[in-house]
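Peer 1: Quick one, what's the 3D model for this:
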Amino acid sequence: MKQQRKASKLLTTETLARLAVESLRRLDPRWLARNPVMFVVGVGTLVTLWLTGDALLAGRPWGFDLAISLVLLFTLLFANAAEALAEARGRAQAESLRSTREQLVARRVRGKGFGNGSGQGDDEEQVPATALRRGDWVRVLAGELIPADGEIVEGAASINESAVTGESAPVLREAGTDNSGVSAGTKLLTDSILVEVTVESGQSLLDRMIALVESAKRQKTPNEIALTVLLAALTMVFLIVVATLVPFALFVGGEVSVPVLVALLVCLIPTTIGGLLPAIGIAGMDRAMRANLVAKSGKAVEVAGNIDTLLLDKTGTITHGDRQASDFLPLTKVAPERLRDAAMLASLADPTPEGKSIVALARDRGATVAADPEARVLAFSAKTRLSGIDQPDGRRIRKGAPDAIRRFVTENGGAYPDETTALVERVARGGATPLVVAEDDRVL
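Peer 2: Purely as a prediction, here's the structure:
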């Protein structure tokens with residue numbers, strides 16, 4: 001949404017300022033020749049302008065001829081402006097993506113000897129993401145955008161990759177595994193990682209997206225080619241019809257002026273369709289862009305319009321962004337209020353969308369509990385997949401993935417009940433994500 005608003009701002013300031021100049025530039029006959037209908041209108045405009053000037057110099061009435069010339073010129077400029085405006089929106093989207101890239105700032109590590117296991121002792125410097133080179137190491141903290149494509153060399157974290165993949169659910173990326181690659185523009189939700197840049201400046205995934213948008217070409221689609229042939233044929237037919245009016249008028253002793261014949265021809269031929277046809281194709285590409293779909297050509301948009309069934313492997317592509325907590329399911333003999341309060345306390349240090357939504361749901365359900373100032377809060381970690389709180393009275397509350405809670409409960413001498421397994425399976429079968437809450441050695 002931010003990129004769309006920024007693209008609209010660019011459209012109203014920079015692009016519209018150049019729109020009139022671009023419309024005039026496209027009056028070039030070589031440009032008009034691409035569209036047979038508008039080429040005929042262009043030739044008619046030149047003819048009427050020449051006759052207007054001739055009448056003016058000869059002292060004959062010229063007002064009517066000038067009016068026809070201006071209307072025809074406005075028709076040409078309107079068609080050119082429609083196509084130029086549609087193309088400008090695509091350029092504005094590319095400028096928005098480029099602005100996002102230029103705003104990325106990296107915390108580059110000067111030394112590579114992070115022997116203390118965290119790298120905190122290394123000297124760091126703030127540099128623009130565009131200054132990064134292959135082999136550089138950068139540190140990324142929770143809440144920051146990853147400045148460049150690379151591989152995690154230390155740490156594990158939960159990353160929101162929806163800006164690149166469209167998947168709303170955060171993913172786990174960890175050093176030394178098959179899932180250690182990260183992309184520029186994605187957001188780190190938890191923990192801290194060290195990333196080794198693996199691409200040169202200008203070759204990241206974000207840069208390739210910008211290049212794809214800028215190089216998108218308006219190739220004529222099969223339907224557009226067929227329609228262009230039809231319009232050209234109709235134009236030829238009406239041109240012959242109008243031309244035959246001259247000998248008929250002479251035969252009956254009448255006289256028809258050339259500007260009137262030109263105006264009649266323009267009225268007969270499908271000028272509106274011919275003028276807006278190029279803009280329609282580009283508008284389709286722009287509409288796809290506003291839906292975060294990159295279309296390389298108008299032909300691709302037309303082919304997509306003929307699709308009956310679409311299979312997607314990314315649920316976030318067609319579903320709403322962040323996941324939200326929906327319900328609390330207590331075990332037998334566990335009071336719902338106890339589960340609600342425990343889940344809220346365990347989620348206070350969870351910055352993920354799931355953690356925040358659990359706190360919001362608990363408050364909506366009437367929870368008023370607050371963390372003790374002396375309590376020790378355990379922040380969510382992608383490595384442990386847990387968050388929680390240690391109360392001053394010795395109670396330890398945890399919330400997290402089922403297998404992580406199972407490990408926590410068993411390590412504290414408790415048992416993981418079969419009822420919990422059944423509830424987890426039921427929630428998962430329903431398409432939701434189950435999270436489990438435990439207090440010391442008991443699952444709630």
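Peer 1: quick one, strands of the protein?
Peer 2: 105-109, 124-128, 137-141, 150-154, 156-160, 171-174, 181-182, 187-188, 192-197, 376-381, 386-390, 396-400, 436-439, 442-443 (DSSP state E).
Peer 1: Please identify the deepest-packed of those.
Peer 2: Comparing the strands of the chain by mean neighbour count (mean count of other CB atoms under 10 Å), strand 436-439 ranks first with a mean of 26. C-betas here are computed from N, CA, C, even on glycine.
Peer 1: For burial, what's the neighbour tally of Ser82?
Peer 2: Heads up, residue 82 is Ala, not Ser. Ala82 has 19 neighbouring residues, counting by other CB atoms under 10 Å.
Peer 1: my guess is it meets Leu277, correct?
Peer 2: No. Counting by CB atoms under 8 Å, Ala82 stays clear of Leu277, with 9.7 Å between them.
Peer 1: anything in contact with each of those two?
Peer 2: Among the neighbours of Ala82, none is also in contact with Leu277 (CB atoms under 8 Å, 6 or more residues apart in numbering).
Peer 1: By mean pLDDT, flag the weakest helix or strand of this structure.
Peer 2: In the chain, no helix or strand scores lower on mean pLDDT, DSSP states H and E than helix 2-10, which sits at a mean of 45.
Peer 1: Any regions of the stretch 51-200 of the chain where pLDDT drops low?
Peer 2: Counting by pLDDT under 70, the ranges of the stretch 51-200 of the chain that qualify are 86-98, 100-102, 111-122, 163-168.
Peer 1: quick one on the thing from earlier: could the strands of the chain be laid out in TSV, adding distance to Pro61?
Peer 2: Converted to TSV, the strands of the chain look like this (distance: least, CB to CB, whole Å):
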stretch	distance to Pro61
strand 105-109	69
strand 124-128	66
strand 137-141	75
strand 150-154	75
strand 156-160	71
strand 171-174	76
strand 181-182	74
strand 187-188	70
strand 192-197	74
strand 376-381	83
strand 386-390	86
strand 396-400	88
strand 436-439	90
strand 442-443	96
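Peer 1: Those strands: which one's closest to Ser69?
Peer 2: With CB to CB, the closest approach to Ser69 among the strands of the chain belongs to strand 124-128: 53.1 Å.
Peer 1: I'd like the distance between the nearest residue to Arg139 once chain neighbours are set aside and Pro392.
Peer 2: Excluding its sequence neighbours, the residue lying closest to Arg139 (CB to CB, 6 or more residues apart in numbering) is Arg107, at 4.6 Å. Look at Arg107 and Pro392: by CB to CB, to the nearest Å, they are 36 Å apart.
Peer 1: quick one on the thing from earlier: quick one: closest of the strands of the chain to Gly63.
Peer 2: Among these, the nearest to Gly63 by CB to CB is strand 124-128 (60.7 Å).
Peer 1: roughly how far out does that closest one sit from the chain middle?
Peer 2: Distance, stretch centre to chain centre, for strand 124-128: 28 Å (CA atoms, centre = their mean, to the nearest Å).
Peer 1: cool, stretch 59-66 as well?
Peer 2: 54 Å.
Peer 1: Contacts for it next, please.
Peer 2: Around stretch 59-66, the neighbours that count as contacts under CB under 8 Å, 6+ apart are Thr48, Leu51, Thr52, Ala55, Leu56, Ser257, Pro259.
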